[in-house]
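Asks: what follows is a predicted protein model with its sequence.
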Amino acid sequence: MKKILRFWGPVVVWAGIIFLFSARPVVPASQIFWKDFIIKKTAHVIEYGILASLLYRALKESGVGKYNAGLIAILIALIYGATDELHQSFTPGREPRVRDVFFDTIGAILSIYSIWNLLPKAPKKLKIWAKRLQLI
């Protein structure tokens, strides 16, 4: 039970944080459209990259193989992103956007790509950090 909470707890907490941010009415980050666009889309990439990393870690620790864990993490992040956009349709001032799901998925893919291909080639200190987080 402790192992389940240790690895799946952060996934649930992070998904909850994403849900709470989506439940808030939209606030313009800038009066300049492209700045607002860049800030919001970067946030999508980062938040779903983190979600995919946490999912990958939990799946791997649950006995799923490395590559299957990565693919499943991306798929779950995509599905969660799509359902999150649906959830936003019930929030005043927000509307669902397919392009947001695209940016969510890009974040998940970049995260798993980094874990698979960049972390193994990273400097020793970064590898130690990644091993402590049980990403590699």
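Replies: Everything's here; your move.
Asks: and the helices in the chain?
Replies: Ranges of helices in the chain, per DSSP state H, are 2-22, 33-61, 66-88, 98-113, 124-132.
Asks: lowest average pLDDT across the ones you listed?
Replies: Note on these: helix 124-132 shows the lowest mean pLDDT, a mean of 81.
Asks: when you compare where that helix runs with where helix 33-61 runs, what's the angle?
Replies: For helix 124-132 against helix 33-61, the angle by axes from the mean of the first three to the mean of the last three C-alpha atoms, to 10 degrees is 60 degrees.
Asks: in stretch 77-93, which residues are buried?
Replies: Going by neighbour count (16 or more other C-beta atoms under 10 Å), the buried part of stretch 77-93 is Ala77, Leu78, Tyr80, Gly81, Ala82, Asp84, Glu85, His87, Gln88. No exception for glycine: its C-beta is placed from N, CA and C like everyone else's.
Asks: doesn't Asp100 make contact with the second one?
Replies: No: Leu78 is beyond contact range of Asp100, at 11.5 Å (criterion: C-beta atoms under 8 Å).
Asks: ok, Val12 to Ile18 distance?
Replies: Val12 is 11 Å from Ile18, where distance means C-beta to C-beta, to the nearest Å.
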